[in-house]
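In: Take a look and give me a structure for this.
(one chain, ligands or ions: 1)
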Amino acid sequence: MPHKHPMEARKHVKSWHGRLTAQADSATEALLASLDVDAALWRYDIAGSLAHAQMLREEGLLTAADLAKIRRGLRAMEKSIAAGRLAMPVELEDIHMVIEAELVRRVGDAGRKLHTGRSRNDQIALDLRLWARDAADDLTAGIVTLQKAFIALAKARGDVIFPTYTHLQRAWPVVLGHALLAYVEMLQRDAERLADARKRINVCPLGAGAVAGTTLPIDRARTAELLGFPQFSRNSIDAVSDRDFLAELCFACSMLAVHLSRWAEDWIIYSSGEFGLLELHDAFCTSSSMMPQKKNADTLELIRGKSAGCIAQLTGLLTLIKALPLAYNRDLQDDKRFAFEAVGMMKQVLAVAPGIVRTVTIKPPDLADGYLDATALAEYLVGKGVPFRTAHGIVGKIVAQAERQDLALADLPIETLQKHSKKIGTDVYRHLGAKNVVKRYRPDGAGGAKQLALQLRHWKRLLG
Ligand code: ARG
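Out: A predicted model of the protein is given here:
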């Protein structure tokens, strides 16, 4: 988007030329300007102005002819900006002034009436809320797409027996679908967080003016309605200075980023030669400029890395806000950089992640190692009346012996097992081995096929 037209400098008279006579030099103008960032808000700015103008007309603050000119001017400008044909001179500072100046240039005095009963302070709060509302919706759609990719994989390869880890050491076996749906749960909370943040985003600040409203008879309910807000802000001071809604959006992005980072970390590890649990599609990997054998999970590493940037945006925004006196302060001009960056990163990641999931190859793991059935053996003994703590000790010794002989528990002869406990019978072999363990999971939410089917039914109901 073109916004720097140095040759045009000084052509534009500032809206405050009546009060301030000295001109800022170009370095100062560059500091004051936010056009490089807030130009992205132009659609929202025009939408807000159209609603504001219509309300002004309905309240008798504009003539029908004024409204017609303003509408014509703003609609034509939409086309010019979309085509990249509107000059955005940096000394106009921000997108609001660019649009207003151009409107005045195009339609004259009618354009000079548009800012009646409005300030850039409530205007930018409005633009940001309109943007944040769309951002929340876009992110939610991206999350659902990713959830569906995990669910499809859980259906297709869900019954593969997979190890789980605690402390990155083999723990219990589960059906793979169960492990995949863990990510779907995290993503669901991320979507719910966005939906919750959206409620507080979805409040119209327009009419708060600079800080205390206006003496003109504007209709706040009407502009709110025209812009699809279910309510308008109660307090004008809060309305122009509140950026909680942006911080919440950045937190929702950060939490999402952290979840995606954890998933990326899992799959980076699982795809390594040492784990060998899955293979990523070539399209999501890169090789080395030096080592010809390499297939690196760079996309997942970048997804993991992006979480750092996202968290940085959240802390940056919170730091920007923390010491601001009431109400609007120009520091707030820089809020956009943080929020745009955080949302942009997550949109970028969500555009790639579903493809990684859809194309992954699951490699059925070797389950003989790691004594995934050890706790199940202890629970077998509990079934025979042995107190769990005692059973835990017995199985610990059995595992130590098996390890010395480099055998799986199911490979130990019954005599060896019975040396450790008389309570062990030959039925124990129906309890040993990862497959048998997974068949025996009892409670809801556990890692067996029955529980997976229930979870899949839940997600089908929820996401279709
Ligand atoms: N560009 C400004 C921002 O993003 C708009 C509001 C400016 N208001 C003011 N009183 N200087 O925050």
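In: When you work out contacts or count neighbours from here on, use the C-alpha atoms and nothing else.
Out: Noted.
In: List the contacts of the residue in the chain that the ligand sits nearest to.
Out: Closest residue of the chain to the ligand, Cα to the nearest ligand atom: residue 333 (3.5 Å). Counting by Cα atoms under 8 Å, 6 or more residues apart in numbering, residue 333 touches residue 34.
In: Am I right that it is in a strand?
Out: No - using DSSP: H, G, I helix; E, B strand; the rest coil, the assignment for residue 333 is helix, not a strand.
In: Can you tell me the SS state at residue 290?
Out: Per three-state DSSP, residue 290 ends up coil.
In: count of neighbours near it?
Out: When neighbours are defined as other Cα atoms under 10 Å, residue 290 has 7 of them.
In: same deal with residue 70?
Out: Applying other Cα under 10 Å, I find that residue 70 has 28 neighbouring residues.
In: list the contacts for residue 318?
Out: residue 247.
In: Okay, and it sits in which element?
Out: Per DSSP states H and E: residue 318 is located in helix 298-321.
In: Now the terminal residues of stretch 421-441, how far apart.
Out: From its first residue to its last, stretch 421-441 covers 24 Å (Cα to Cα, to the nearest Å).
In: same check, this time on stretch 199-217
Out: This stretch, stretch 199-217, spans 28 Å end to end (Cα to Cα).
In: sorry, back to before: in the helix holding residue 318, what counts as buried?
Out: 299-300, 303-307, 310-314, 316-318, 320-321 (16 or more other Cα atoms under 10 Å).
In: one step back: gap between the residue of the chain closest to the ligand and residue 198?
Out: 21 Å.
In: how about the helices in the stretch 151-300 of the chain?
Out: 176-201, 220-226, 236-241, 244-270, 298-321 (DSSP state H, counting those that start in this stretch).
In: would TSV of those with mean pLDDT and distance to residue 404 be doable?
Out: Listed next are those as TSV, based on pLDDT from 0 to 100; distance: least, Cα to Cα, whole Å:
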stretch	mean pLDDT	distance to residue 404
helix 176-201	98	30
helix 220-226	98	74
helix 236-241	98	68
helix 244-270	98	27
helix 298-321	98	38
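In: got TSV for those helices, with distance to the ligand too?
Out: Converted to TSV, the helices of the stretch 151-300 of the chain look like this (distance: least, Cα to the nearest ligand atom, whole Å):
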stretch	distance to the ligand
helix 176-201	17
helix 220-226	19
helix 236-241	9
helix 244-270	13
helix 298-321	12
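In: Compare these and give me the one nearest residue 67.
Out: helix 220-226 (14.7 Å; Cα to Cα).
In: what's near enough to touch residue 73?
Out: Contacts of residue 73 by Cα under 8 Å, 6+ apart are 103, 106, 107.
In: Okay, the residue nearest to the second one when sequence neighbours are not counted and residue 41: tell me how far apart.
Out: Read that as residue 106. Setting aside the residues directly before and after it, residue 106 is nearest to residue 73 in space (Cα to Cα, 6 or more residues apart in numbering), at 6.3 Å. Relative to residue 41, residue 73 is positioned 18 Å away (Cα to Cα).
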